[in-house]
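S.K.: okay, predicted coordinates and the sequence, questions at the end:
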Amino acid sequence: MGVGAIAKPALVTAQFGILELTPAGRSEVRAVYGGFGIFIALALLVALRQPELRSGILFTVAAALGGMAAGRLVSAAIDRTIDRKPLGYLALEIGVAVMLLAVA
């Protein structure tokens with residue numbers, strides 16, 4: 001998703017019904033979904049090669065995923081609904097966070 005968000009930010013937001021983006025919106029998608037995601041992936045690669053950093057990196061990535069999942073849960077509670085795509089990402093975020101914490 002990171003590379004895709006950099007190249008075509010509207011494809012990321014279209015999943016959630018946001019079809020038009022302003023330049024500021026494209027910048028936000030490129031930053032949050034693109035740059036952040038790419039650097040999280042790089043951090044996980046560092047964790048594979050630097051055992052002394054592994055636990056800290058895995059915990060940090062798990063915390064970031066947990067925060068995203070918590071935000072989705074709060075949104076679902078406020079809106080009293082959650083669409084299919086956000087629900088899928090919620091499950092993925094929780095699952096990967098739990099796995100990372102288990103091996104941290």
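M.R.: Structure received. Numbering: from 1, shown residues only.

S.K.: can you give me the helices in the chain?
M.R.: Defined through DSSP state H, the helices belonging to the chain, from first to last, are 2-7, 9-14, 23-29, 36-49, 51-79, 84-103.

S.K.: including mean neighbour count and mean pLDDT, could those helices go into a markdown table?
M.R.: All C-beta atoms are positioned from the backbone trio N, CA, C, and that covers glycine. Supplementary listing: the helices of the chain in a markdown table, determined by neighbours: other Cβ atoms under 10 Å; pLDDT from 0 to 100:
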| stretch | mean neighbour count | mean pLDDT |
| --- | --- | --- |
| helix 2-7 | 16 | 96 |
| helix 9-14 | 17 | 96 |
| helix 23-29 | 14 | 97 |
| helix 36-49 | 13 | 97 |
| helix 51-79 | 14 | 98 |
| helix 84-103 | 14 | 97 |
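
S.K.: give me the domain ranges for this protein.
M.R.: Residue ranges of the domains in the chain are recorded as 1-49, 51-104, according to automatic domain parsing.

S.K.: next, the distance between the ends of the shortest one.
M.R.: In domain 1-49, first residue to last residue: 23 Å (Cα to Cα, to the nearest Å).

S.K.: Gly35 touches Ile6, doesn't it?
M.R.: Yes. Gly35 is in contact with Ile6 according to Cβ atoms under 8 Å; the separation is 7.4 Å.

S.K.: overlap in contacts of those two?
M.R.: Common contacts of Gly35 and Ile6 (Cβ atoms under 8 Å, 6 or more residues apart in numbering): none found.

S.K.: grab the nearest non-local neighbour of Thr60.
M.R.: The shortest distance from Thr60 to any residue that is not its chain neighbour, by Cβ to Cβ, 6 or more residues apart in numbering, is 7.4 Å, and that residue is Ala43.
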